[in-house]
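1. Sharing a model prediction with you, sequence too.
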Amino acid sequence: SQKIEQNSEALNIQEGKTATLTCNYTNYSPAYLQWYRQDPGRGPVFLLLIRENEKEKRKERLKVTFDTTLKQSLFHITASQPADSATYLCALPTGTASKLTFGTGTRLQVTL
Amino acid sequence: DVKVTQSSRYLVKRTGEKVFLECVQDMDHENMFWYRQDPGLGLRLIYFSYDVKMKEKGDIPEGYSVSREKKERFSLILESASTNQTSMYLCASTLGVGTKNIQYFGAGTRLSVL
């Protein structure tokens, strides 16, 4: 069956370091992959979309890679700040047209 | 900016009550979704709608129904609330398919069923 895996353990890093979050999937061949940010008690907010033919995508301090052979996406935040502390979700298109399946998310905690 | 508004942030209901959760979007989006989010289980799709009066079951539709009478409004109905429906409920909308399929979420409704 289709499965999306994100590290359920929180990632704790120091301010200024690069945070790297992982999204692994099995039994999918997605045309694209998305990353969302979710703050406590709020709905997810879209960050980045990367297509299957793109190896890497950047937006300000964010970088996403997509390896369709490894079936993995990496999400990097460079020069991390306490304000980057949140849960980050990856999402893949599944089934009918606009449906997405979300990973369970990884909580990032950036400390001073 | 796209705005998705959920009618309540917090709701407390009793077992057996009929519960309505309302969601309104202001961007003329075709597709709307209802999810529930529970610790360790992530976001799970309850129902979605790709047009007015059209709906499809998601992964966990049991105990829920939906209504979409107008394009901008998508309602989730708990016919007879049960304690296992205590959860965070999130509504989302999206304009299109493929790489236009960016989902915009409401702030969520935290429902407690006692």
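-> It's in.
2. Buried residues of stretch A:72-85, list them for me.
-> By 16 or more other C-beta atoms under 10 Å in any protein chain shown, the buried positions in stretch A:72-85 come out as A:72-77, A:80, A:84-85. Glycine gets a C-beta too; all of them are placed from N, C-alpha and C.
3. Dump the residues you listed into JSON lines; add pLDDT, secondary structure and distance to chain B as well.
-> Conversion of the buried residues of stretch A:72-85 to JSON lines gives the following (pLDDT from 0 to 100; DSSP: H, G, I helix; E, B strand; the rest coil; distance: C-beta to the nearest C-beta, whole Å):
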{"residue": "A:72", "pLDDT": "96", "secondary structure": "strand", "distance to chain B": "18"}
{"residue": "A:73", "pLDDT": "97", "secondary structure": "strand", "distance to chain B": "15"}
{"residue": "A:74", "pLDDT": "97", "secondary structure": "strand", "distance to chain B": "19"}
{"residue": "A:75", "pLDDT": "98", "secondary structure": "strand", "distance to chain B": "16"}
{"residue": "A:76", "pLDDT": "98", "secondary structure": "strand", "distance to chain B": "20"}
{"residue": "A:77", "pLDDT": "98", "secondary structure": "strand", "distance to chain B": "20"}
{"residue": "A:80", "pLDDT": "97", "secondary structure": "coil", "distance to chain B": "23"}
{"residue": "A:84", "pLDDT": "98", "secondary structure": "helix", "distance to chain B": "19"}
{"residue": "A:85", "pLDDT": "98", "secondary structure": "coil", "distance to chain B": "18"}
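4. Nearest to residue B:84 among the residues you listed?
-> Nearest to residue B:84, judged by C-beta to C-beta, of the buried residues of stretch A:72-85 is residue A:85 at 30.8 Å.
5. Could I get the contacting residues of that closest one?
-> When contacts are counted by C-beta atoms under 8 Å, 6 or more residues apart in numbering or on different chains, residue A:85 touches A:108-110.
6. In strands, which of these appear?
-> A:108-110 (DSSP state E).
7. Narrow those to just the buried residues.
-> A:108, A:110.
8. Closest one to residue B:68 out of the ones in strands among the contacts of residue A:85, please.
-> The closest of the ones in strands among the contacts of residue A:85, once distances to residue B:68 are taken by C-beta to C-beta, is residue A:108, at 35.6 Å.
9. That closest one touches residue A:19, doesn't it?
-> Yes. Residue A:108 is within contact range of residue A:19, at 5.5 Å (criterion: C-beta atoms under 8 Å).
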